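Trainee: Generate coordinates for the sequence data below:
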Amino acid sequence: QVQLVESGGGLVQAGGSLRLSCAASGRTFSSYAMGWFRQAPGKERGFVATISRSGGTTYYADFVKGRFTISRDNAKNTVYLQMNSLKPEDTAVYYCAADLSALRVRSSPASWGQGTQVTVSS
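Mentor: Residues are numbered from 1 along each chain as shown. Below is the predicted model:
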């Protein structure tokens, strides 16, 4: 099983940018499809974006399309989430996730990080 550690969260003003990173260790990183999820206060955790093992295929939730970009560097065992044009409603704990299945990573991934807080002020 892969271990995941997120970093890069923080406080940013509306319209600003942040880049989240997720470092993976354990099994072969390139075997895993990766994803980002988020959970806002009082809400359930939900899908944000996923990326295939090679990085060639990505999927995004509608509310982040055109603003967020998921990418990965298999040589560094790291997946990123570049977040631009941030809005107060993007405030949430962001979680990195991994699964051997590119389909399952969007719904019920096997591995989760501990999360990193992103707060967007208005």
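Trainee: I'd like the distance from the residue nearest the centre of the chain to Thr50, if you could.
Mentor: For the chain, the residue nearest the mean C-alpha position is Trp36 (2.4 Å; CA atoms, centre = their mean). Between Trp36 and Thr50 the distance, using CB to CB, to the nearest Å, works out to 8 Å. In short, each C-beta sits where N, CA and C put it, glycine included.
Trainee: Hmm, Gln82 is touching Gly8, no?
Mentor: No: shown here, Gln82 and Gly8 do not form a contact pair, counting by CB atoms under 8 Å, at 9.8 Å.
Trainee: So for these two, which residues contact both of them?
Mentor: Between them, Gln82 and Gly8 share these contacting residues under CB atoms under 8 Å, 6 or more residues apart in numbering: Arg19.
Trainee: can you give me the strands in the protein?
Mentor: 3-7, 10-13, 18-25, 33-39, 46-51, 58-60, 68-73, 78-83, 92-99, 111-112, 116-121 (DSSP state E).
Trainee: Now render those strands as JSON lines, adding mean pLDDT.
Mentor: Formatted as JSON lines, the strands of the chain follow (pLDDT from 0 to 100):
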{"stretch": "strand 3-7", "mean pLDDT": "97"}
{"stretch": "strand 10-13", "mean pLDDT": "98"}
{"stretch": "strand 18-25", "mean pLDDT": "97"}
{"stretch": "strand 33-39", "mean pLDDT": "98"}
{"stretch": "strand 46-51", "mean pLDDT": "97"}
{"stretch": "strand 58-60", "mean pLDDT": "97"}
{"stretch": "strand 68-73", "mean pLDDT": "98"}
{"stretch": "strand 78-83", "mean pLDDT": "98"}
{"stretch": "strand 92-99", "mean pLDDT": "98"}
{"stretch": "strand 111-112", "mean pLDDT": "96"}
{"stretch": "strand 116-121", "mean pLDDT": "98"}
